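In: based on what follows, work out the 3D shape:
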Amino acid sequence: MTATAILKIIGLFLALNAFVFSIYFLDKQAARDHRRRISEKTLLTLAFVGGSLGAVCAQRLLRHKTQKEPFRSILRAIVMFHMVAALLLSGALGYVALDGPLLD
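Out: Numbering: from 1, shown residues only. Predicted coordinates:
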C-alpha cells in the first residue's frame, strides 16, 4: 500500500468522523431548540459505519447523550468493536507487508 493510498484512507476517515460529529451537533441543537431530533438508531448507525471517534468526541465535548442508556453502552460496544477490528486489520496488513509472521 502506498503512502498516497494511506493518506487518502486517513483523509476519508477524518472526513467521516467530522461529518458524524456535525450530525451529533445538529441533534444537540435540535434538542436545545425543542425541534425534531435525529433518531438514536441513525446516530448509532453513523458511529458503527466508521464514525465512532466523531460520535465519542461529540458526546464528550457537547455533553450529548452522556446519561442516555442503552445508547451509551451501545456506543461503547461499537468503539470496542472498532478497536479490535483496527488491531486485527493492522496485524493482517503487517503480516502481508512483512511477507510472514514477525516472530517465528
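
In: tell me the helices and strands packed up against the biggest helix by length in the chain.
Out: As assigned by DSSP state H, the longest helix anywhere in the chain is helix 3-32. Contact partners of helix 3-32 among helices and strands, from 3 or more C-beta pairs under 8 Å, 6 or more residues apart in numbering; DSSP states H and E: helix 40-46, helix 52-62. C-beta coordinates here come from the backbone N, C-alpha and C atoms, glycine included.

In: how about CSV for the ones you listed, with mean neighbour count and distance to Leu75 added?
Out: Converted to CSV, these look like this (neighbours: other C-beta atoms under 10 Å; distance: least, C-beta to C-beta, whole Å):
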stretch, mean neighbour count, distance to Leu75
helix 40-46, 16, 7
helix 52-62, 19, 6
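
In: Ala5: which of the ones you listed is closest?
Out: When the helices and strands packed on helix 3-32 are ranked by proximity to Ala5, the top entry is helix 52-62, at 20.4 Å, counting by C-beta to C-beta.

In: name the helices or strands packed onto the next helix or strand after the closest one?
Out: Going down the chain from helix 52-62, the next helix or strand is helix 71-98, by DSSP states H and E. For helix 71-98, the packing partners by 3+ C-beta pairs under 8 Å, 6+ apart come out as helix 40-46, helix 52-62.

In: what comes up buried for helix 71-98?
Out: Residues 71, 74-75, 78, 82 are the ones in helix 71-98 that count as buried (16 or more other C-beta atoms under 10 Å).
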